[in-house]
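Engineer: pasted the sequence and its predicted model underneath.
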Amino acid sequence: MAMRVLIAAMLSAVAVAQTPPHPDAASACAAMNVSTMISVMHGFGEIAGYSRNSGCANECGRATFRWDNGPQGFGDGSPAGDSTQWPSSLNMGATFDPELAGEWGDAMGTEFWGKGTNIQEGPGVNIARIENNGRTFEYLSGEDPVLGATLVQPLVAGIQNHVMAITKHYMLNNQETDRSGVNEIVDEKTIMELYSPAFGAAAASSAGYMCAYNRINGIWACENPLTVKTILKGYYNFSGFMVSDWGACHSTAPSINAGLDIEMPEGRNYSPENIMAALAAKSITEDQLHESCIRIMSGWYNLPVDKRYPCNGGNCIQNNVSTPEHKALARKISAQSTVLAKNDGNLLPLNKTAKLKVVLIGNDAMTPYVSGQGSGGVPTSNRLVSPLAAFQARGIDVTFEPGETVDAAVTAAKAADVAIIFGSAHSHEGSDRKDLLFEHGSSTFVKTGPQNCSTTVSGIIGDGFMKSVPASDAGACCTQCWADTGCVAFTYTSGSCYFKDNIKTGGSGKSGDHKSGVIPGRAPHPSPGPPPPGAAIEDLIVAVGAVNKKTIVCAAIPGQILTDWRDDVAAILIAFLPGEQYGNAIADLIYGDAIPQAKSPLSFPNKANEQGMTAEQYPGVKTPDYTYQANYSEKLIVGYRWYDKHNVKPAFPFGHGLTYGAMTFSALQVAGRTVSFSVQGTGCDTPQLYISYPTAATDAAVPAKVLRYFKKVCSTDADASVAVSYTLTDRDVSNWDVDAKKWTVTPGTFGVSVGSSSQDIALTGSFVV
């Protein structure tokens, strides 16, 4: 408390300097004594409304640098609507568009600077290892390091036109379950080839990195010499600073020796007393403090001169920094990051002159969920545009049905030409998602299928008993029900499978060992009674799709969801977490004012845990030393690499996304390591170049193929041909040599695949290294 009062007094006493006291970081740190250098190495908590501050020794016009979260907009202490509630980082991943990433970074940096801060805690680039990670929405990379590496560089550059960027969460912060204690067992080759490249891509420019809460191979991420000092500051030659996540610093000398430069939010382990004691014990040296000082101050000195003193050193956290231009950009990003996953019969775009009757179903049409929660969230904007408001503003003949019951939704859908169902799944820092379903009640009528018979619920579903047959488990019961065309629902218990001819809740309602499910698309006989209140969105989709063949689903989601219902609807739009302009953006897409061009950065599974991770892999198992120890035994075979390696077709593959129009790829040429081809057609597509290593077909540990390049192409001229060419680098055809501690070019014959997704491959070839 005394330190906080002192800093506040210093703030009021220091005059704002428009020219720094020293010409550069080296001279500034050379002029500091040990106590002053220590003050630069830790946080000071909340000061004058800014919740996050760390020392700058008055070089920055006051005693501290001001920080704020997060990777998708200014969050702390700002009145709702006074900063733009941007689409999520995962949305930016879905754009596959580095130029747009740069625009977004510049706009966010402008807002952080306009709020009086020096540092933005973002971007986030962690790889999506598990499908229900609570923070997937905060990360650019999706499932692929090349995607993250390509987007993070212009994003950081844009942010640092105005404020310092902090790339996070370094590294392997891939689950929220026991995130502050989990020990993740990962081999060095997997770290270097999958989990570190997106971080490494930012090393040349990012002012700082934030280390994560988890342990890596038994050592806390913030005091891990391999990942911080050897990999980031060594192999990737990072010259900036490493800061702890809030409370993620657990030591003094071990952390300093591993390369941690700043402890946040305050100086507990990095207090003057602890650091002076470590110096006296010769566990650290003054030279290390000097190095940390230079790393920290360099980020500020590298900013444009006119951006070093936001608000002229004053307090402007209450400023409204969300401009009309930023709202227009948010609308553009939201539209360009929404994946058109399905569009049967080219239902979309809707004809604006046809005077169609449209019904919007689901509470998310009126009060949409558009942003994840936690430190990376942005307060819900009071200027948020709902889908209903956007449709009404267009003068559409539109009605709204909240969808509290299936019966009400079906009635509304029957009266409309087009039914659009809005659903969302929620996510937040601190816990992983409990399932891959939409939010809204609990599903009574769970859709299952021959390829997804694990999708069952505990309890009894159905009435109108038909017959019973023996079955080994609920999956076998489901399969047998599918084979009997009269079976509408089933319940399994104790070796017996009970077939039902309707889907009304019935029986005793007891759960126990009962497992039940429903076969989609089969008419109940006799007709069931009205469903219970609070019907799940999945139930609405199946029922509405059965009575209106022009049914569209709009999903606002923080990661993957199950889409068992995808065959029941004509079109699907996946908006991820679309930000405050969701309504305008989704209306732009539905009515053709924006062209769909997003690509999914994630593989959408057919069933939960389709990749079959064991408890040892996720969330981990209890050991004598750790509450959870998670073993990355899958190594590189995760995400789309798993689907490719196991020849499994996901519900929607990595890189998938349709457009209005059609594009074709042709004329593949491979000359040495240069791959060239032509793109022709209308709309937008992003051809993706994958390579297969020489042993991909014979070595179970080698992915079938990996992404190396992508390029968005848009055209309105069906006859025009666009040439795309990329020359593979040494790094593109290398593997990490653990013994030699370097990238080594891999000899042999490589495969080349070019397609519009990881599984929609149009062109193949090869080259020899």
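Structural biologist: Received the coordinates, thanks. Numbers count the residues shown, from 1 in each chain.
Engineer: what mean pLDDT does stretch 201-214 have?
Structural biologist: Stretch 201-214 shows a mean pLDDT of 97.
Engineer: would you mind putting the CA coordinates of it into PDB?
Structural biologist: Extracted C-alpha coordinates of stretch 201-214, given in PDB (Å, rounded to 0.1, in the frame of the first residue of the first chain):
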ATOM      1  CA  ALA A 201       7.200 -15.200 -35.900                       C
ATOM      2  CA  ALA A 202       6.500 -12.200 -33.700                       C
ATOM      3  CA  ALA A 203      10.000 -12.300 -32.100                       C
ATOM      4  CA  ALA A 204      11.500  -9.800 -34.400                       C
ATOM      5  CA  SER A 205       8.900  -7.100 -33.600                       C
ATOM      6  CA  SER A 206       6.800  -7.700 -30.500                       C
ATOM      7  CA  ALA A 207       7.800  -5.500 -27.600                       C
ATOM      8  CA  GLY A 208       7.000  -8.200 -25.100                       C
ATOM      9  CA  TYR A 209       5.700 -11.700 -24.500                       C
ATOM     10  CA  MET A 210       3.500 -12.900 -21.600                       C
ATOM     11  CA  CYS A 211       4.400 -16.300 -20.100                       C
ATOM     12  CA  ALA A 212       1.600 -18.600 -19.100                       C
ATOM     13  CA  TYR A 213       0.300 -20.100 -15.800                       C
ATOM     14  CA  ASN A 214       1.000 -23.800 -16.600                       C
END
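Engineer: list the buried residues in it.
Structural biologist: The neighbour-count check on stretch 201-214 (16 or more other CB atoms under 10 Å) flags 201-203, 205-214 as buried. Bear in mind the C-beta positions are built from the backbone N, C-alpha and C, glycine included.
Engineer: then stretch 352-370?
Structural biologist: 358-365, 368-370.
Engineer: so where's the stretch 501-650 of the chain uncertain?
Structural biologist: Applying pLDDT under 70 to the stretch 501-650 of the chain flags residues 501-513, 520-534.
Engineer: you'd agree G105 is up against G158?
Structural biologist: Yes. Counting by CB atoms under 8 Å, G158 is a contact partner of G105 at 2.5 Å.
Engineer: the more surrounded of the two?
Structural biologist: G105 (27 against 21; other CB atoms under 10 Å).
Engineer: hang on, the earlier thing: let's see which of the buried residues of stretch 352-370 end up in strands.
Structural biologist: Taking DSSP state E as the definition of strands, the buried residues of stretch 352-370 contribute 358-361.
Engineer: outside of stretch 379-398, which residues touch it?
Structural biologist: 75, 78-81, 83-85, 322, 327, 355-360, 364-368, 370-371, 400, 420, 422, 554, 580-584, 586-587, 591 (CB atoms under 8 Å, 6 or more residues apart in numbering).
Engineer: how distant is that stretch from the center of its chain?
Structural biologist: Averaged C-alpha coordinates place stretch 379-398 at 25 Å from its chain's average position (CA atoms, centre = their mean, to the nearest Å).
Engineer: mind listing what's buried in it?
Structural biologist: In stretch 379-398, counting by 16+ other CB under 10 Å, buried: 379-381, 384-391, 396, 398.
Engineer: which two among these are spaced furthest apart?
Structural biologist: Maximum pairwise distance in the buried residues of stretch 379-398, criterion CB to CB, is 29.5 Å, between P379 and I396.
Engineer: quick revisit: which one of the buried residues of stretch 201-214 is nearest A26?
Structural biologist: The closest of the buried residues of stretch 201-214, once distances to A26 are taken by CB to CB, is A207, at 15.9 Å.
Engineer: so what's that closest one closest to, chain neighbours aside?
Structural biologist: Closest residue to A207 apart from its sequence neighbours, by CB to CB, 6 or more residues apart in numbering: G299 at 3.0 Å.
Engineer: point me to the helix or strand that includes the one you found.
Structural biologist: For G299, the enclosing helix or strand under DSSP states H and E is helix 286-301.
Engineer: show me what that helix is packed up against.
Structural biologist: Applying 3 or more CB pairs under 8 Å, 6 or more residues apart in numbering; DSSP states H and E, one finds that helix 286-301 contacts helix 25-30, helix 34-40, strand 241-244, helix 253-258.
Engineer: I'd like to know which elements the third one is packed against.
Structural biologist: The helices and strands touching strand 241-244, judged by 3+ CB pairs under 8 Å, 6+ apart, are strand 208-211, helix 286-301.
Engineer: out of the buried residues of stretch 201-214, who's nearest T764?
Structural biologist: Among these, and counting by CB to CB, the member closest to T764 is A201, at 27.7 Å.
Engineer: quick one, what contacts the closest one?
Structural biologist: 148-150, 152-153.
Engineer: can we see that at 7 Å?
Structural biologist: Contact analysis of A201 by CB atoms under 7 Å, 6 or more residues apart in numbering lists 149, 152-153.
Engineer: top of those by neighbour count?
Structural biologist: V152 (29 neighbours).
Engineer: part of a strand, is that residue?
Structural biologist: No. Counting by DSSP: H, G, I helix; E, B strand; the rest coil, V152 is located in no strand; its state is helix.
Engineer: quick one, phi/psi of K741?
Structural biologist: Torsion angles at K741 (phi, psi; degrees, to the nearest 10) stand at phi 60, psi 50.
Engineer: now do M92
Structural biologist: Torsion angles, degrees, to the nearest 10, at M92: phi -60, psi -40.
Engineer: could we number from 44 for the rest of this?
Structural biologist: With the count now opening at 44, the last piece we talked about shows up as M135.
Engineer: wait, it touches A144, no?
Structural biologist: Yes. Assessed by CB atoms under 7 Å, M135 is found in contact with A144 at 5.6 Å.
Engineer: out of these two, which sits in the busier spot?
Structural biologist: Per other CB under 10 Å, whichever of M135 and A144 has more neighbours is M135, with 29 against 26.
Engineer: ok, what's across the strand from the nearest residue to D780 once chain neighbours are set aside?
Structural biologist: Spatial nearest neighbour of D780, chain neighbours left out: T787 (4.3 Å); criterion: CB to CB, 6+ apart. Note on T787: beta-bridge partners by DSSP bridges are N778.
Engineer: circling back to that earlier point, same list, the buried residues of stretch 244-257, but as a markdown table with distance to R109 please.
Structural biologist: Listed next are these as a markdown table, based on distance: CB to CB, whole Å:
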| residue | distance to R109 |
| --- | --- |
| A244 | 27 |
| A245 | 22 |
| A246 | 24 |
| S248 | 21 |
| S249 | 18 |
| A250 | 14 |
| G251 | 14 |
| Y252 | 19 |
| M253 | 16 |
| C254 | 21 |
| A255 | 23 |
| Y256 | 23 |
| N257 | 27 |
